[in-house]
Structures are given as structure tokens and as C-alpha cells.
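> Coordinates only, no sequence provided:
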């Protein structure tokens, strides 16, 4: 018994010694951590690092964005001088019908973005968030009198993309229209420039609510039915958009509706029309997915970055407001070759449904169908770094003929996110 007791005491002493050594090691690590921790600034003792943001008082501020550098090669230029960073489907069509067929080169960093977000807890019992986003991708310009040029400085002023706040299921400010679901947006290098995708940002008031099976969003949005130099009139009523969305392990699905008012004070004519849209993002094999969107109705400026005007321009010149009905369909398949390598193949088509009162000047003077195909290869060695190469082919069907014009584009891009 004495031998057993001595053995037990020796084992206990050994365990205590091990425990003391571990405690001493832990204390030394904690002392090192405390000695190297930054001191609070005396001039502002309320600033603390918290998660992904900087906490000031009760509000956490986060910063983000990316630098995007593009090298763009177009088979007929880019449709406008000094506009390589903002070529649009309608300017591609303009280039396609031109006599110039030489490939042109342009470089741009104008899609780069800066964003600031805030989060404040317990604002009248709810979390308040805000978000502001800017880029430098201004409208077309070709002279020294404009804010930017490609001749000497390549300087361009920031422009507002998004600026909105959310509180108690309400969104206030400017963001993407409720009429689209960005979950279905294909991954291409030329920002949103497919023939038929719904891709519009504008000021709005939106309410979000949970409903059986998903989420319902309703919004009043800024109305407009002008077409560049042809501004018909300021509108009396906002655009009304509604979208029902389902998101789960089987994919993302949504159906949306849009109601619009078209006015022309000069002729005292008013029309009300609308549009519908269906979207889906369906998981397939592994990390692959299929993205789909179909839209029909008085789409106008909502589709394809204003490929077609909102109304028949000839009818409008004659004193009649005739909303122009179109449809658009987009399908994209994204495939992962490896964890860091992926590709997307995107096909998009849009077409005018209505018979025009006159041709060709009832729309853009040269085409009434548009088809785009994008194929790319992207490498993301890190979530903050993506390099890519993309080929795009466009076909524009001429009005009242069976002829079509083609345009091609190659983009090499580097996207560095912060």
C-alpha cells in the first residue's frame, strides 16, 4: 500500500509539473501578444478593428472594390473614338455597318470600382446598412472639352453606380432594378454587355418580405422613356417592379413583372405597358451551373444597355406614343476545369416583335435583331486575383432585309480585388 501511495503521489506531482509548464507557456504567449498589440489612438479612442471593417462608435465601415485592366481588340474599332472602355451593343452595330474592317486596339482601366459600406446595429430596433459604389466608366466622349480623353492623361471622373441604404426590409436609393436577378447574370469580361440581359441601375424605393417558398420584392423606380437626344417627357408615374425569388440548394429561380407609363406632352398621348422576365441559375455537375433569363414586353432601356428605344421613334415623331415590344433570351453555362480554372459560354439574342410604322428609321436605323456569343477562360489563383481572355461575336440583323452585319471582339483582362 505504501509503495502504491508513493507511486500515485509521484504521478500526481508529474502531472502538476506538466500543467505548470503549460500555464507558463500560455502566459508568455499572452504577454507577447499584449506587448505587440497596438495602443488605442488617444485622439480617437473609439476606433477599433472589427471583422472586415473599421468600427467607429456604433458603426462598422468597410472598404472594397477592384482594379480592372482591359486590353480590347475590335474588328471594326469600338464604335466611337476614345470609347474602348464603354463600347455598347448599339455602338458595335454602328461599327459593323461601317466600311472600316481593320482590327483596332484599346486599353482601359475605367471599369475599376471603389465601394464603401456601413453597418449600424440597433437603429430603432433594426440593423441599418448603407452602400456606395463608384467607377470611372463614363459616357462616350471624343474631345478635350470632355472630362476625359485618351490623348494625354486618360483621366476620367468618378461616376455613381450604386448608393442605397437598407433598414427594416426597406431599401432606399440607387441600385439594380428589381426587375432583374443578378444571380442569373453570366460571367463575362465585358461588364454586362450581352445582347439581351436586363442590367439597369436606378433610384428606387423597395420593400422586401419573406413569403412561402422564398422572397417577394416590390419597388417604385425612376421612370424614363427617352432615347438619348429624343427625350419624350418627364413621367407622371414611377415604374412599378415586382419580383418573386426562390433560392435554395436546387438553384436560384425568379419571376418578375414591370409596369411602365409612356407619355408625350407635345401630342398629349399616354400609354401604359409592361414586361415580364424569368430567371434561373441551376447547379449541374460539381461547381458548374447553367444561367438563364427570358424577357418579353416593353423592355426598351431595361434590356441590353438600351439596345432599342422605348417607343417607335417614327410613330412618336407623328404624335403617337407606341411602346416598342421586344423579347430577349440569354443562356450561359459555366464550367470549372480545375479549382482555379473556369470558362463560360454565353449566348444572348434579342428581337423587335412589333411591326414598325416605317423602316428603317423606326429604331436605330439599321438593325432589329441582335445576337451575341461570348466564350472565355478565367484563372483565379486567389479570390483577389483573376486573369482572363475572352472572345465575343455579334450578329446584327438589318431591318426589312435578310442581311446581317458582324462584329468581333477579343478582351484580355486582369481584375485585382481589395
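Right, received. Where do you want to start? All values derive from a computational prediction rather than experimental measurement. Numbers count the residues shown, from 1 in each chain.

> Tell me which residues are up against stretch 106-119.
Stretch 106-119 is contacted from outside by 53, 59-74, 78, 84-86, 127-138, 150, 156, 158, 161-162, 191, using C-beta atoms under 8 Å, 6 or more residues apart in numbering. (Glycine included, C-beta is placed from N, CA and C.)

> Quick check: end-to-end length of that stretch?
This stretch, stretch 106-119, spans 40 Å end to end (C-alpha to C-alpha, to the nearest Å).

> Check the secondary structure at residue 92 for me.
Using DSSP: H, G, I helix; E, B strand; the rest coil, the structure places residue 92 in helix.

> What separation do you get for the closest residue to residue 354 other than its chain neighbours and residue 353?
Counting by C-beta to C-beta, 6 or more residues apart in numbering, residue 354 lies nearest to residue 325, which is 4.9 Å off, once chain neighbours are set aside. To residue 353, residue 325 is 4 Å away according to C-beta to C-beta, to the nearest Å.

> Kindly report the same for residue 179.
Residue 179 is 18 Å from residue 353, where distance means C-beta to C-beta.

> now the strands: where do they sit in the stretch 251-400 of the chain?
Ranges of strands within the stretch 251-400 of the chain are 251-264, 269-283, 289-297, 326-338, 341-352, 369-382, 385-397, based on DSSP state E, counting those that start in this stretch.

> repeat for the stretch 1-150 of the chain
With DSSP E, counting those that start in this stretch as the criterion, the stretch 1-150 of the chain has strands at 47-50, 53-56, 59-78, 104-108, 113-123, 126-135.

> Make TSV out of the ones you listed and add mean neighbour count, distance to residue 272 and mean pLDDT.
Shown next, in TSV, are the strands of the stretch 1-150 of the chain (neighbours: other C-beta atoms under 10 Å; distance: least, C-beta to C-beta, whole Å; pLDDT from 0 to 100):
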stretch	mean neighbour count	distance to residue 272	mean pLDDT
strand 47-50	12	49	54
strand 53-56	15	45	84
strand 59-78	19	37	88
strand 104-108	16	40	86
strand 113-123	15	36	94
strand 126-135	17	32	95
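
> out of residue 179 and residue 353, which sits in the more crowded spot?
Per other C-beta atoms under 10 Å, whichever of residue 179 and residue 353 has more neighbours is residue 179, with 26 against 12.

> quick one, phi psi at the more buried one?
Dihedral pair for residue 179: phi -70, psi -10, per degrees, to the nearest 10.

> residues in contact with it?
198, 200, 241, 243, 256, 257, 258, 275, 277, 302.

> could you redo the last one with a cut-off of 7 Å?
Residues in contact with residue 179 (C-beta atoms under 7 Å, 6 or more residues apart in numbering) are 198, 241, 243, 256, 258, 277, 302.

> mind listing what the one helix or strand residue 210 maps to pairs with, with the direction of each?
Using DSSP states H and E, residue 210 falls within strand 201-211. Taking DSSP bridges as the criterion, strand 201-211 pairs within the sheet with strand 170-176 (antiparallel), strand 214-221 (antiparallel).

> Between strand 251-264 and the longest one, find me the angle.
When axes from the mean of the first three to the mean of the last three C-alpha atoms, to 10 degrees is applied, the directions of strand 214-221 and strand 251-264 differ by 20 degrees.

> Out of the strands of the stretch 1-150 of the chain, which gets nearest to residue 402?
Closest approach to residue 402 among these (C-beta to C-beta): strand 59-78, 21.1 Å.

> Distance from the chain centre to that closest one, please.
Offset of strand 59-78 from its chain centre (C-alpha atoms, centre = their mean, to the nearest Å): 12 Å.

> buried sites along the strand holding residue 210?
Neighbour counts over strand 201-211 (16 or more other C-beta atoms under 10 Å) mark 201, 202, 204, 206, 208 as buried.

> that older thread, next, the contact list for the residue nearest to residue 354, please.
With C-beta under 7 Å, 6+ apart, residue 325 has these contacts: 297, 298, 353, 354.

> Now, of those residues, which are buried?
The neighbour-count test (16+ other C-beta under 10 Å) marks 297, 298, 354 as buried among those.

> contacting residues around the second one?
Residue 298 makes contact with 260, 273, 274, 275, 310, 323, 324, 325 under the criterion C-beta under 7 Å, 6+ apart.

> okay if I get these as TSV plus pLDDT and distance to residue 103?
Output for the contacts of residue 298, formatted as TSV (pLDDT from 0 to 100; distance: C-beta to C-beta, whole Å):
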residue	pLDDT	distance to residue 103
260	94	40
273	94	41
274	95	42
275	97	37
310	86	34
323	88	39
324	88	33
325	92	36
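
> Tabulate those residues (TSV), appending distance to residue 409.
Output for the contacts of residue 298, formatted as TSV (distance: C-beta to C-beta, whole Å):
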residue	distance to residue 409
260	32
273	33
274	33
275	28
310	27
323	31
324	27
325	29
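
> and of those, the nearest to residue 248?
Checking the contacts of residue 298 one by one against residue 248 (C-beta to C-beta), the nearest turns out to be residue 275, at 26.4 Å.

> As JSON lines, the strands of the stretch 251-400 of the chain with distance to residue 110 would be great.
JSON lines is the format used below for the strands of the stretch 251-400 of the chain (distance: least, C-beta to C-beta, whole Å):
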{"stretch": "strand 251-264", "distance to residue 110": "30"}
{"stretch": "strand 269-283", "distance to residue 110": "28"}
{"stretch": "strand 289-297", "distance to residue 110": "26"}
{"stretch": "strand 326-338", "distance to residue 110": "24"}
{"stretch": "strand 341-352", "distance to residue 110": "22"}
{"stretch": "strand 369-382", "distance to residue 110": "20"}
{"stretch": "strand 385-397", "distance to residue 110": "17"}
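
> Quick one: closest of those strands to residue 222.
Of all these, strand 251-264 comes closest under C-beta to C-beta, at 11.3 Å.

> centre of the chain versus that closest one, how much separation?
Put simply, strand 251-264 sits 18 Å off its chain's centre (C-alpha atoms, centre = their mean).

> Between strand 289-297 and that strand, find me the angle.
Comparing the axes of strand 251-264 and strand 289-297 via the same axes, to 10 degrees yields an angle of 20 degrees.

> Show me which positions of strand 251-264 end up buried.
Across strand 251-264, burial judged by 16+ other C-beta under 10 Å covers 251-254, 256-264.
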